[in-house]
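> need the 3D shape of this:
(chains A and B)
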Amino acid sequence: VHNANDLIRMHGRLGNAAKAREIFDLIPVKDRLSWDYMLLAYTQGGSIDEAWRIFDQIPQPSVFSFNILLSALSQSGDFRGARRIFDGMPQWDVVSWNSMLSAHIQHGDLAAAQRFFDCMPEKTIVSWNAMVSAYAAKGDTSIAKLLFGKMPQWDVASFNAMLTGFDQEDYVLELRRFFNALPEANFVSWTIVLTAYARIGHLFECQALFNAMPQRDIVAYNVMLSAFSHHSTGKDSKALFDTMPQWDMLSWTSLLNAYIQEGHIDRAKRTYDTMPMQD
RNA sequence: UGUCUCGUGGCU
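All right, here's what the predicted structure looks like:
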């Protein structure tokens, strides 16, 4: 059963719920993990209706089962559904509370989220991170800073959430100071700062930071590429594009944009014709 | 062995 469960999980992660279901159906004796992984596979594949259906068939849904569905409803923007599941749960753990908190945030009701947060019987660093990130995303940087300062402890996600709040022209200096002072940074941290420079149009800093990155993934490349396409020449864009280890649709689109903005319709057309996927 | 929070463009 363990191996079968792992397979279900794997296919679920790849977004292949149908394949996961095939394996699920072959298991003679399913344990609670088989059901939860199958439920998770449906939510990861975006099949909320199927998720509901399988959830209703779970013999004894655990808090985990409830949480999986709750989190999926929250992420899909179904606030009412999330609320209904949450209210109907036999018991809650801190993940349930965090998921419902993030449902409020998804729903765009920060005031309600704050009230919910204040009433939560227990909070983890995830709860705090979610709130900081919500205020930062809304542009309420001073409130985000206040909350950040009150946190009992931080992890790299806390730092990153706070960093996103500095993605504004007025905060460039603070962004850099904060970033430089971080005890811990990862890929995401670097990319947030990179993105801020790109958006604000500080091409020089952007490029310097890009070159200083310990490693670069496709997201970082795309940010740099998009910075070039908005603030530099198609030639620069093309040069960077050619050094990329791989491309996705965003990379191609940025290159197209660079040419179009320069009025190089012919080059844009040629680029378009060589794209592997033309959406 | 499982569930919650952080990063990439344009149009709307």
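
> surely A:D31 is in contact with A:V1?
Yes - between A:D31 and A:V1 there is a contact under Cβ atoms under 8 Å: 5.6 Å. (C-beta placed from N, C-alpha, C; glycine too.)

> mind checking how far A:N5 is from RNA strand B?
5 Å (Cβ to the nearest atom of the strand, to the nearest Å).

> show me what contacts that residue?
A:D31, A:L33, A:S34, A:Y37 (Cβ atoms under 8 Å, 6 or more residues apart in numbering).

> the closest residue to the last one other than its chain neighbours - how many residues pack around it?
Once flanking residues are discounted, A:Y37 sits nearest to A:I8: 4.3 Å by Cβ to Cβ, 6 or more residues apart in numbering. Neighbour count for A:I8, taken as other Cβ atoms under 10 Å: 28.

> A:I8 against A:E22, yeah?
No - in this structure, A:I8 is not within contact of A:E22 by Cβ under 8 Å, at 9.4 Å.

> so what does the one helix or strand A:A198 maps to touch, helix or strand wise?
For A:A198, the host element (DSSP states H and E) is helix A:187-200. The contact analysis (3 or more Cβ pairs under 8 Å, 6 or more residues apart in numbering; DSSP states H and E) places helix A:187-200 against helix A:156-165, helix A:172-181, helix A:203-212, helix A:218-231.

> list the contacts of it.
Under Cβ under 8 Å, 6+ apart, the answer for helix A:187-200 is A:156, A:159-160, A:163-164, A:166-169, A:172, A:175-176, A:179, A:182, A:203, A:205-206, A:209-210, A:213-215, A:217, A:219-220, A:223-224, A:226-227, A:230.

> could you give the angle of that helix to helix A:156-165?
0 degrees (axes from the mean of the first three to the mean of the last three Cα atoms, to 10 degrees).

> show the pLDDT at A:D279.
On pLDDT, A:D279 comes in at 67.

> again, but for A:T274
89.

> burial measure for it, as a count.
8.

> and the gap between it and A:L255?
A:T274 is 10 Å from A:L255, where distance means Cβ to Cβ, to the nearest Å.

> likewise for A:L70?
Distance, A:L70 to A:L255, by Cβ to Cβ: 41 Å.
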